[in-house]
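K.L.:
below is the sequence, then the predicted model.
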Amino acid sequence: MLHRDRIGTHLKKLLFFFVASVALSGSATADLSGRIEKIVGKARPGDYAIHIVEPNSRAILYSHNATKAMTPASNMKLISTAAALRYLGPLFEYKTRIGLCDSTLVVIGSGDPLLGDCVTDARYGREDGWIFEQIAQSLQAMGVESIADIIVDTTVFDDQRVHPNWLESDLNRWYACEVCGVNYRGNCIQVTTSNQAGRVAVHVEPATSFVEITNEIQAVSDGPSAVGAYRTRQPNRIVLRGRCRDREGPFDVAIEQPGGFFGFLLAEHLVLTGIPVSGRLVEKAFDSDCRFVPVAEYATPLIDCLHRANKDSLGLASEALLKTIAAHKSPDNKNGSWERGRELIGEYLAGLGIPEDQFHIDDGSGLSRDNRLSAQAIVTVLLDVYAGGNWELYRTSLAVGGEDGTIGRYFKDSAYRADVLGKTGYISGVRSFSGVCLTGRGPYLFSILSNRNSLSRDAINAIAQAIMDEYRKED
């Protein structure tokens, strides 16, 4: 047994080290606070929030307005992807199945947001349209000479393909495309226009008669040059207007009825390869009483979806993940909806101890202005992933400063490059940035939210740089 004097001396030493530790931490925090205060300057205090935490000790290094629920823009995707990882698991795969039922070709969708995604296909070295080529080759190998009907089963998700709180003016933009049980090529066509000796030519990829293009573009030799795509009351009849001096595009235009889009492209390709399609294209649930003969299956791992949602801010990926969570929590794995997905993500956040007044979930991508998150809620979610077994996998889904994703053009200085990782957010009046700084002293999780244009993108980036500068080296 230790003598009482020796115990007292031991306790005094422990107390000294504890006080010294607090003093050092307080000094560092004070220095960081000074850096941040200089950056934010006279910004309206109530219109921005900052929360910075050391994840191993969970020590709060800086916090301002952190419990106030604010509009997060695309930082909402961090919540959707983390919830998907929790509910679906890291090994989850979307699987789209193609098969025959007698002479009917059946497409059974899984909600995969990256089927035919140009960025994902390029990463894997796959050529545009490879899916249709493979299906045609499989049918030919099976001796199939013709197809009657094509059924596209999109019932893994419900029929609400457009979120009610998205602006109508955004619905032809890639970031507000429809969300369907069968998605293809981001549910967009790609349009390029060129002025050819006073006549404007229009090139569309993929080439298809599913979409009708009306060209009202004016060819000009000087002055402003810009082209826009506009919807009409007739689905997939798109009017191009504007002025074209040389070349405009390529730019993406969201289509309507994505399940029909995939089925129509498939039919067109089969006809071109010598397999006629004589019947109808129908979007409906597949009748399981019919014997299903597999033709092809296409799998997309969850991590690819996390990458596209977080690195590149692909809204379709995050919305599909939200609806997939809902579908996989239903008894028949069907009818994934925004309503049920919101409930489940809310349960996930509440289970982390996040108070209800710090979040309101409306969609999965952050496009809706009805979303609300606090900076503390976002960091709490990042802490949950960090403390779990999937942090390294999740971390690779974040954009890397100076290298890729939405922050590839920022943080190029060697002092920050590849060490600031995160998810940006932007809608009118809102900017956000949350993620992790990898410093000489370890990782630091952060969330920065700005509403009503209170902080510029440069100021937000400077706060992340301040974290790097403050904790760059070991003591």
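P.N.:
Received the coordinates, thanks. Numbers count the residues shown, from 1 in each chain.
K.L.:
my guess is V271 meets V277, correct?
P.N.:
Yes - if you go by C-beta atoms under 8 Å, V271 and V277 touch, sitting 6.0 Å apart. Any C-beta I mention is one placed from the backbone N, CA and C, and that applies to glycine too.
K.L.:
all strands for the stretch 351-475 of the chain, in order.
P.N.:
Assigned by DSSP state E, counting those that start in this stretch, the stretch 351-475 of the chain shows strands spanning 359-360, 372-373, 399-400, 420-427, 430-439, 442-451.
K.L.:
can I get those strands in JSON lines with mean pLDDT and distance to Q234?
P.N.:
As requested, the strands of the stretch 351-475 of the chain are exported to JSON lines (pLDDT from 0 to 100; distance: least, C-beta to C-beta, whole Å):
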{"stretch": "strand 359-360", "mean pLDDT": "98", "distance to Q234": "36"}
{"stretch": "strand 372-373", "mean pLDDT": "98", "distance to Q234": "37"}
{"stretch": "strand 399-400", "mean pLDDT": "98", "distance to Q234": "38"}
{"stretch": "strand 420-427", "mean pLDDT": "98", "distance to Q234": "29"}
{"stretch": "strand 430-439", "mean pLDDT": "98", "distance to Q234": "34"}
{"stretch": "strand 442-451", "mean pLDDT": "98", "distance to Q234": "38"}
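K.L.:
mind putting those into CSV with mean neighbour count and distance to F264?
P.N.:
Converted to CSV, the strands of the stretch 351-475 of the chain look like this (neighbours: other C-beta atoms under 10 Å; distance: least, C-beta to C-beta, whole Å):
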stretch, mean neighbour count, distance to F264
strand 359-360, 20, 38
strand 372-373, 24, 39
strand 399-400, 22, 34
strand 420-427, 24, 32
strand 430-439, 25, 37
strand 442-451, 24, 42
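K.L.:
so Y348 is in which element?
P.N.:
helix 338-351 (DSSP states H and E).
K.L.:
could you look up the SS state of A229?
P.N.:
Secondary structure assignment for A229 (DSSP: H, G, I helix; E, B strand; the rest coil): strand.
K.L.:
next one: the closest residue to it other than its chain neighbours from F264, what distance?
P.N.:
Distances taken as C-beta to C-beta, 6 or more residues apart in numbering place V253 nearest to A229, at 4.4 Å, with adjacent residues excluded. Note on V253: its distance to F264, by C-beta to C-beta, to the nearest Å, is 16 Å.
K.L.:
tell me the pLDDT of the most centrally placed residue in the chain.
P.N.:
Nearest residue to the geometric centre of the chain (C-alpha atoms, centre = their mean): A309, 2.1 Å. pLDDT for A309: 98.
K.L.:
got the CA coordinates for the helix or strand where it lies in CSV?
P.N.:
According to DSSP H and E, A309 maps onto helix 302-310. Taking C-alpha atoms only, helix 302-310 is exported to CSV below (Å, rounded to 0.1, in the frame of the first residue of the first chain):
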residue,chain,number,x,y,z
LEU,A,302,-22.5,1.3,-52.0
ILE,A,303,-19.0,2.9,-51.9
ASP,A,304,-19.4,4.1,-55.5
CYS,A,305,-22.6,5.8,-54.6
LEU,A,306,-21.0,7.4,-51.5
HIS,A,307,-18.2,8.7,-53.7
ARG,A,308,-20.5,10.3,-56.3
ALA,A,309,-22.7,11.8,-53.6
ASN,A,310,-20.0,13.2,-51.4
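K.L.:
do me a favour and get the end-to-end distance for stretch 97-113?
P.N.:
Stretch 97-113 has its terminal residues 14 Å apart, counting by C-alpha to C-alpha, to the nearest Å.
K.L.:
same question but for stretch 320-334, I mixed them up
P.N.:
13 Å.
K.L.:
hmm, who's touching it?
P.N.:
Contacts with stretch 320-334, where a contact means C-beta atoms under 8 Å, 6 or more residues apart in numbering, come from 80-81, 83-84, 87-88, 94, 111-113, 155-158, 179, 183, 305, 309, 335-342, 344-345, 363-364.
K.L.:
ok, now stretch 405-421?
P.N.:
By C-beta under 8 Å, 6+ apart, the residues outside stretch 405-421 that reach it are 310-313, 395, 398-403, 422-424, 435-439, 461, 464-465, 468-469, 472.
K.L.:
buried residues of it, list them for me.
P.N.:
Neighbour counts over stretch 405-421 (16 or more other C-beta atoms under 10 Å) mark 405-407, 410-411, 416, 419-421 as buried.
K.L.:
could you list the low-pLDDT ranges of the stretch 251-400 of the chain?
P.N.:
Of all residues in the stretch 251-400 of the chain, none has pLDDT under 70.
K.L.:
so where do the helices sit in it?
P.N.:
Assigned by DSSP state H, counting those that start in this stretch, the helices in the stretch 251-400 of the chain fall at 258-272, 302-310, 315-328, 338-351, 375-387, 391-395.
K.L.:
for the ones you listed, which one ends up most surrounded?
P.N.:
Stretch with highest mean neighbour count among the helices of the stretch 251-400 of the chain: helix 315-328 (a mean of 27; mean count of other C-beta atoms under 10 Å).
K.L.:
one step back: isn't the residue nearest to the centre of the chain up against L398?
P.N.:
No - using C-beta under 8 Å, A309 is not in contact with L398; the gap is 10.4 Å.
K.L.:
wait, what's in contact with S318?
P.N.:
Contacts for S318 (C-beta under 8 Å, 6+ apart) come out as 76-77, 80-81, 309, 364-366.
K.L.:
if you set the cut-off to 10 Å instead, what comes out?
P.N.:
74, 76-81, 83-84, 113, 179, 305-306, 308-310, 363-367 (C-beta atoms under 10 Å, 6 or more residues apart in numbering).
K.L.:
same question for G364.
P.N.:
By C-beta under 10 Å, 6+ apart, the contact list for G364 reads 76-77, 79-81, 83-84, 163, 179, 309, 315-325, 338, 341-342, 345, 371.
K.L.:
swap in S221?
P.N.:
Each residue near S221 by C-beta under 10 Å, 6+ apart is listed here: 195, 198, 245-246.
K.L.:
show the buried residues in these.
P.N.:
N195.
K.L.:
give me the subset of the contacts of S221 that lies in strands.
P.N.:
Counting by DSSP state E, the contacts of S221 place N195 in strands.
K.L.:
pick out the most distant pair among the contacts of S221.
P.N.:
G198 and D246 (12.2 Å; C-beta to C-beta).
K.L.:
what do the two both touch?
P.N.:
What both G198 and D246 touch, as defined by C-beta under 10 Å, 6+ apart, is the set 220-221.
K.L.:
that older thread, and for A309 and L398, which residues touch both?
P.N.:
Common neighbours of A309 and L398 are listed as 78, 81, 423 (criterion: C-beta under 10 Å, 6+ apart).
K.L.:
mind telling me what element the first one is part of?
P.N.:
Put plainly, it is L78. L78 belongs to helix 76-88, assigned by DSSP H and E.
K.L.:
just list what that helix packs against, helices and strands only.
P.N.:
Counting contacts by 3 or more C-beta pairs under 10 Å, 6 or more residues apart in numbering; DSSP states H and E, helix 76-88 is packed against helix 302-310, helix 315-328, helix 338-351, strand 372-373, helix 375-387, helix 391-395, strand 420-427, strand 430-439.
K.L.:
now it against helix 338-351, angle please.
P.N.:
Interaxial angle, helix 76-88 versus helix 338-351 (axes from the mean of the first three to the mean of the last three C-alpha atoms, to 10 degrees): 90 degrees.
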